[in-house]
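Peer 1: Sequence and predicted model, in that order:
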Amino acid sequence: MNETTRFRPEDLDTAPDGGSKFLGFLPVAIMGYEDKTDLFDWADVFISVTLQLEGSQYPVEMKIVGSYDRESNGNIKTCTLLKRLYWLFDVVGFQGGPDVQGNWVDADGNSIDNLALYLEKHHVTNPLVPRFDAYGYVYKEPGRKDPSKAYTTVYPRLVPNTDKMRTELEGYIAFLKGKNLIKEADMSNVQPNGAGTSNGSEPTKF
């Protein structure tokens with residue numbers, strides 16, 4: 001009987017345990033933005049951020065999405081959405097943001113008609129020589145309507161890719177997991193071909 005060995009290339013995109021090596025804490029490069037707010041009636045903001053994972057040829061999506069909490073006069077106030085927006089703005093160096101009515105302005109207070117286009121112009125990496133100068137957490141999230149499906153999800157907080165900030169993000173994610181605020185899919189219960197990239201539903205607020 002002829003003996004043979006299995007074929008497993010060294011650059012195969014899997015971890016030693018058979019899972020994806022592109023899950024967990026990873027360096028990422030910010031490649032682009034898309035504003036999907038008009039597609040969702042319930043969202044004040046829905047910004048899709050395209051990320052490249054270091055060592056992977058496939059992009060992933062991070063979503064900054066939600067609705068503002070507002071004062072009785074209609075002005076926005078401290079809330080989850082605002083926190084997530086400023087996490088993104090701080091890591092890319094954008095000095096603008098929403099004004100008290102929720103309209104986009106730059107660092108000088110000038111109106112921004114399309115935030116995604118503005119960020120595309122000023123706050124992306126060179127696609128030919130991407131800079132993996134941010135750090136994020138990528139995981140498989142169970143489908144809310146169908147738990148037999150799992151979706152690649154990027155927690156909507158990036159930090160600068162430095163020793164200090166990596167440690168801070170890892171501690172923050174561990175805290176959320178300890179409070180059961182991040183729900184990861186049990187891949188043993190996911191049907192074959194049941195994985196996807198995004199379910200597009202409104203995120204849990206934490």
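Peer 2: Thanks, I have it.
Peer 1: from what I can see residue 23 touches residue 136, true?
Peer 2: No - Residue 23 is beyond contact range of residue 136, at 11.2 Å (criterion: Cβ atoms under 8 Å). (Each C-beta comes from the backbone N, C-alpha and C, glycine too.)
Peer 1: more crowded one of those two?
Peer 2: Using other Cβ atoms under 10 Å as the criterion, residue 23 and residue 136 rank with residue 136 on top: 25 against 17.
Peer 1: pLDDT (mean, whole number) over the helix or strand harbouring residue 49?
Peer 2: Secondary-structure assignment from DSSP states H and E places residue 49 in strand 45-53. Strand 45-53 shows an average pLDDT of 97 in the prediction.
Peer 1: Figure out how far that strand is from the centre of its chain.
Peer 2: 6 Å (Cα atoms, centre = their mean, to the nearest Å).
Peer 1: Check stretch 167-183 too.
Peer 2: Taking Cα atoms, centre = their mean, one finds stretch 167-183 lying 15 Å from the centre of the chain it belongs to.
Peer 1: same check, this time on stretch 41-58
Peer 2: From the chain centre to the centre of stretch 41-58 is a distance of 5 Å (Cα atoms, centre = their mean).
Peer 1: If you count neighbours, what's buried in that stretch?
Peer 2: Residues 43, 44, 45, 46, 47, 48, 49, 50, 51, 52, 53, 56 are the ones in stretch 41-58 that count as buried (16 or more other Cβ atoms under 10 Å).
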